[in-house]
Structure formats: C-alpha cells, structure tokens
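Asks: What follows is a predicted protein model with its sequence.
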Amino acid sequence: MHVFDSPDFDDHEQVIFASDAATGLRAVIAVHSTALGPALGGCRIHAYADEADAARDALRLSRGMTYKAALAGLALGGGKSVVLADPARDKTPAMMRAMGRAVERLSGRYIAAEDMGATVADMDAMADETAHVTGRSPERGGVGDPSPWTARGVFLCLEAAVRLRLGRGLAGARVCVKGLGSVGWKLAEALHGAGAALTVADIRDDVAARAAGAFGAAVIPVEAALAAEVDVYAPCAMGGEFNIDTIPALGAQIICGAANNQLAEAADGGRLAARGALYCPDYLVNAGGLIRVAQPPLGMDEGAALARLEALPRTLETVLAESARSGATPAEVADALARRRFAPAAG
C-alpha cells in the first residue's frame, strides 16, 4: 500500500507499522493530529484481509478521532491502532504486551484505549509495558469498559434526532439496531426501556435470539438491516456501509448509530441527504466512550465528563440546525465545526 497516495491519508503526522515475531504481533498505529493534545484512540483487533486493509482502517479511524475529540471539546488529538489478528483465536496477553511496547516507543504522542476486539484485560496487559494506555481496569487506575458511555451518547443523540425529525419521543418509534456487541446491546437495552419498537440484526444467531427474548425485538438477517422499514437505523458494527450502491435501498428516515466511518466516501453524505435521510455524524454521536477514557489522561473528574456526555445531543442539534439553514450536509457542518476547533491550534 502507498500510504501517501491513499485517499484515506489526510496529512497524518505519523503512520507506524509494528511487529513482534515472538508473539505474532502485526499492527499499524496512525497518528492523525496532536494539535490539541496527545492522539488518543482505540486499539482495534480484527482479522483484516491484509496490511493494506488494516492501514486504510487505521487512517480513517484516526482521522475520525481527531474530529471526535474536537467536537467533544477535549484537549486531545486523534490516533488509532489496529492489530491484524482474530481476537477470538490469535490474541494473547503476550501479544498485547508487545503492542504496549510498540505504543511506548511513541513516547506519549499516542494513547491507546479499548476498541472492537479488545478488552479491559488487554489494556491492562498493554499497561505492563507502557503508561500511555487508558480504559484500564479500576484496579489498575482506569475507568473500565467505556461502552456504556458510548451507548448512552448514541441513545441521547438518537432521542434528539427523533424529536427533531418526527416531532415525538421514542415510545413507539421503530428502530433497527445492527450489531449487538457491547455498545449495540446496551443501546438496544436503553431503547427498549424508552418504549421503542426494536428490530435487531447480528451475525451471531444466538445473540440476536437473546435480544428477541430480552427486548421483544424482531430479528432480521444482517444483510436486510439497511433496508428495514423503520424510523431509525442504528448501525453499530463495522463502518463503510453507506455507499452509492447501498443508499438507494435505505428504509429509514434517520441514521444514528455507534459504528465509526459509516460513509464510504464524503459524497455519500450528499447522497443520503438526496434520499431524504437525516444522517447524524457518527463521530459526534459515538463520542461518549472517548469522553470516558479521556478522564485519566486529562485529569477530568466524573462530573465534568458527564457534562460533556450530556452535551452531545446539543451539539448534534446545532449541527442539524445549521445543515437545515445552509443546505450543507450534517457531515459537512460537523467537519467544519471540528476543524474550527483543532486547525487553528495547528497553525
């Protein structure tokens, strides 16, 4: 892969390829920006097709973290690391310690956190080798699993979007949640508690069946989720789902979910708008987990962190109002707002 020529390269400050023969570690660490502070971002563990696929994901995700931190009002930049491994089969504590050593070599420019395929225990293992890791267990001075905060932020933003578009609360609103991992399950749980009518989709049949029992949810195949005739589609799995081929099939009026990088390319924001869909920028609505893991490195107390979490729907309302006024897409408005916050500091 030619990193500099990649369409996902966005003047990243550093892109590092790390390996450790003894543990089988192969990883990419991308530091997009440290203009506002050290680059904080999760360590994703996934069975990527190859290193080019992994590098593309690291580039896109790290850029999104810069924008996410800026919109959340945090003194942090954006980074991301990805490990080329099947988390269920290949991951070991020794591999995670090797990943910790790779992070340590960046001398604090990048702070790792939990992400898809990684656990609090993995962060503890990395912390054996570096202080530059957050999302550790409380016993190790961390805040634990950030997924409840991510889910809470998405829930609050989804509630605001439904109120804005549909002029009603969540009771009776039809919501399809795709992906019932840590965040998706907690989001579905909160939506059920608010009286929403749930449809769920997950690649694991047993998890989907459990959601049907717990939430009275209808279960559909994952390939049918995007076209489900619902009020809100909440993608909570992998990104890149909305593209020129899939958008015409969209069945929902509102998109608000936890998945990162939901648009395959920038032009897809315009395609969603032309379709009549209200897109809630993913890196805004899913910032709750970042706020949570930012507490230790920023010395932020619980009250201040909660205030930032509760402010996410207000920021979304500002973005959507400006989008309606100007005709720019929500993604364009959110991007511009984030750049106003971090780009001047880089000058």
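Replies: Arrived safely. Residues are numbered from 1 along each chain as shown.
Asks: Can you list the neighbours in contact with stretch 304-314?
Replies: Stretch 304-314 is contacted by residues 72-74, 149, 152-153, 156-157, 159-160, 284-285, 287-288, 291-292, 294-295 when judged by CB atoms under 8 Å, 6 or more residues apart in numbering. The C-beta positions use only the backbone N, C-alpha and C, and glycine is treated the same way.
Asks: Name the residues of it that are buried.
Replies: Residues of stretch 304-314 classed as buried by neighbour count (16 or more other CB atoms under 10 Å): 305, 306, 308, 309, 311, 312, 313.
Asks: From residue 261, how far off is the second one?
Replies: Which is residue 306. Residue 306 is 27 Å from residue 261, where distance means CB to CB, to the nearest Å.
Asks: Same check on the fifth one?
Replies: Remark: distance between residue 311 and residue 261 (CB to CB) = 23 Å.
Asks: For residue 10, state which of the buried residues of stretch 304-314 is nearest.
Replies: Closest approach between the buried residues of stretch 304-314 and residue 10, by CB to CB: residue 312, at 23.5 Å.
Asks: Confirm that the closest one lies within a strand, as I assumed.
Replies: No - the assignment for residue 312, made by DSSP: H, G, I helix; E, B strand; the rest coil, is helix rather than a strand.
Asks: what packs against the helix or strand hosting residue 54?
Replies: Per DSSP states H and E, residue 54 falls inside helix 51-71. Applying 3 or more CB pairs under 8 Å, 6 or more residues apart in numbering; DSSP states H and E, one finds that helix 51-71 contacts strand 14-20, strand 25-33, strand 39-46, strand 77-84, helix 282-285, helix 288-298, helix 330-346.
Asks: end-to-end on stretch 157-174?
Replies: 16 Å (CA to CA, to the nearest Å).
Asks: before we move on, back to that, what are the buried residues along the helix holding residue 54?
Replies: 54-71.
Asks: Tell me where the model's unsure across this structure.
Replies: 1, 344-347 (pLDDT under 70).
Asks: one more time with 90, if that's ok
Replies: 1-3, 5-8, 116, 141-142, 144-146, 238-239, 261, 343-347 (pLDDT under 90).
Asks: most centrally placed residue in this structure?
Replies: residue 260 (4.0 Å; CA atoms, centre = their mean).
Asks: Chain neighbours aside, what residue packs nearest to that residue?
Replies: Once flanking residues are discounted, residue 260 sits nearest to residue 239: 4.9 Å by CB to CB, 6 or more residues apart in numbering.
Asks: In terms of helix, strand or coil, where does that neighbour fall?
Replies: coil.
Asks: Distance check, it against residue 265.
Replies: Taken as CB to CB, the span from residue 239 to residue 265 is 12 Å.
Asks: what's the domain layout of this structure?
Replies: 14-61+78-145, 148-286+316-338 (automatic domain parsing).
Asks: quick one: terminal-to-terminal distance for the longest one?
Replies: In this case it means domain 148-286+316-338. 24 Å.
Asks: Contact partners for residue 62?
Replies: 12, 30, 31, 32, 39, 41, 78, 79, 80.
Asks: Identify the farthest-apart pair in the residues you listed.
Replies: 12 and 41 (12.0 Å).
Asks: what about those two, which has more around it?
Replies: residue 41 (31 against 22; other CB atoms under 10 Å).
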